[in-house]
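Trainee: Got a sequence here, can you build the structure:
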Amino acid sequence: MIGISTVWQSGKIKSGEKLYGRIYGLGVSAVELEYRITGETYKQMKPLLKKGELKVLSIHNFFPVPDILTAGSGDAFLLSSPDEEERKRALKYTAITIEHANDLEAQAVVLHLGNTGIESYKKELFKFYDEGKIKSEEYAKFLEKIKTERDKVKQKYFDSALFCLDKLTKVAERENVMLGIENRYYLHQIPDFEEMGIILKKFEGANIRYWHDAGHAEAWQNLGIKKHEEWLKEYGAHLLGIHLHDCEGYNDHDSPGKGKIDFKMIKNYLKPETVKIIEVEPHVTEENLREGIIFLKDLGIK
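Mentor: Presented below is the predicted three-dimensional model:
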């Protein structure tokens with residue numbers, strides 16, 4: 001069963017009934033709710049969702065938009081923050097998301113864990129790519145410089161994330177919801193490839209699994225950081241769910257089939273129980289999104 005993330009239209013449509021109708025009108029039977037949906041929008045959507053015609057497979061933290069914010073973000077509060085007050089807010093609003101997932105009988109909550117406090121270096125990385133220097137010695141030295149800078153400061157941020165996950169596993173177990181740790185787009189973010197393995201080992205047997213974002217992994221491959229398939233080879237046994245969207249270069253969140261991602265390769269790692277969510281940005285037209293749904297189904301990703 002493939003679901004559609006509400007991110008496709010939640011930034012434009014604030015009526016819960018209209019947002020529900022736009023997703024349902026695609027002919028899919030499942031959805032992922034995400035962090036741009038306000039409490040009022042959700043209040044309008046909930047009676048429709050409770051009917052079960054559009055099944056909620058997953059919810060992306062923080063949901064709905066926390067009452068102390070004017071706009072939502074998956075990084076509104078950082079679970080990796082060394083600041084105790086920010087961690088408390090992150091824990092509070094993640095717990096609320098998990099409780100909503102239980103209420104809607106969703107299988108999973110997708111989590112961003114935060115970052116290491118250093119720069120993202122996105123402009124520099126993108127410049128190397130645009131100039132065709134990804135395989136150059138200069139670029140290799142630049143990546144090593146970022147890694148060294150990250151390694152010097154990461155521990156307190158990573159420890160904070162682990163501390164929060166320890167708290168959240170108890171909530172997730174109580175609410176019978178799985179937590180999916182998403183691979184991220186930027187190098188300063190948590191977790192990197194090795195940290196994902198540490199998390200999965202530390203919380204083995206708990207309600208924590210791997211959530212694969214296909215576009216993020218493809219962008220890392222194109223930027224010469226880590227091959228896409230290595231994520232799935234290493235962590236596929238722990239795979240809870242996947243965000244399906246296409247990518248070319250470092251531009252992702254396009255409709256499947258419109259970029260360069262090898263979805264046949266991805267299919268080899270998917271199981272019947274894997275939560276499959278198409279996550280595209282608002283610029284994707286309804287026609288292209290419909291084509292993406294058909295593209296995946298033709299590959300046997302259903």
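Trainee: Helix or strand for His243, just tell me which one.
Mentor: Secondary structure from DSSP states H and E places His243 in strand 239-244.
Trainee: what are the pairing partners of that strand, and which direction each?
Mentor: Within its sheet, strand 239-244 is paired with strand 208-213 (parallel), strand 275-278 (parallel), according to DSSP bridges.
Trainee: so which of those comes closest to Phe77?
Mentor: Nearest of those to Phe77, taken as C-beta to C-beta: strand 208-213 at 18.6 Å. C-beta: built from backbone N, CA, C; applies to glycine.
Trainee: which helices and strands does whichever helix or strand comes after that closest one pack with?
Mentor: Using DSSP H and E, the helix or strand that follows strand 208-213 towards the C-terminus is helix 214-222. In terms of contacts (3 or more C-beta pairs under 8 Å, 6 or more residues apart in numbering; DSSP states H and E), helix 214-222 is packed against helix 228-235, strand 239-244, strand 246-248, strand 251-254.
Trainee: what's the angle between the second one and helix 228-235?
Mentor: By that I understand strand 239-244. Note on geometry: by axes from the mean of the first three to the mean of the last three C-alpha atoms, to 10 degrees, strand 239-244 and helix 228-235 are set 160 degrees apart in direction.
Trainee: buried ones in strand 239-244?
Mentor: Of the residues in strand 239-244, those buried under the neighbour-count criterion (16 or more other C-beta atoms under 10 Å) are Leu239, Leu240, Gly241, Ile242, His243, Leu244.
Trainee: what's the answer for the longest one, then?
Mentor: Across helix 228-235, burial judged by 16+ other C-beta under 10 Å covers His228, Glu229, Trp231, Leu232, Glu234, Tyr235.
Trainee: Which phi and psi values does the residue most central in space within the chain adopt?
Mentor: Nearest to the geometric centre of the chain sits Glu182, at 4.8 Å (C-alpha atoms, centre = their mean). For Glu182, the backbone dihedrals (degrees, to the nearest 10) come out as phi -90, psi 140.
Trainee: Excluding residues flanking it in the chain, which one is nearest it?
Mentor: Using C-beta to C-beta, 6 or more residues apart in numbering and skipping residues adjacent in sequence, the residue nearest Glu182 is Trp211, 4.5 Å away.
Trainee: And for Leu33?
Mentor: Ile59 (4.8 Å).
Trainee: Now do the contacts for that neighbour.
Mentor: Under the criterion of C-beta atoms under 8 Å, 6 or more residues apart in numbering, the contact partners of Ile59 comprise Glu32, Leu33, Glu34, Thr97, His100, Ala101, Leu104, Ala106, Ala108, Val109, Val110.
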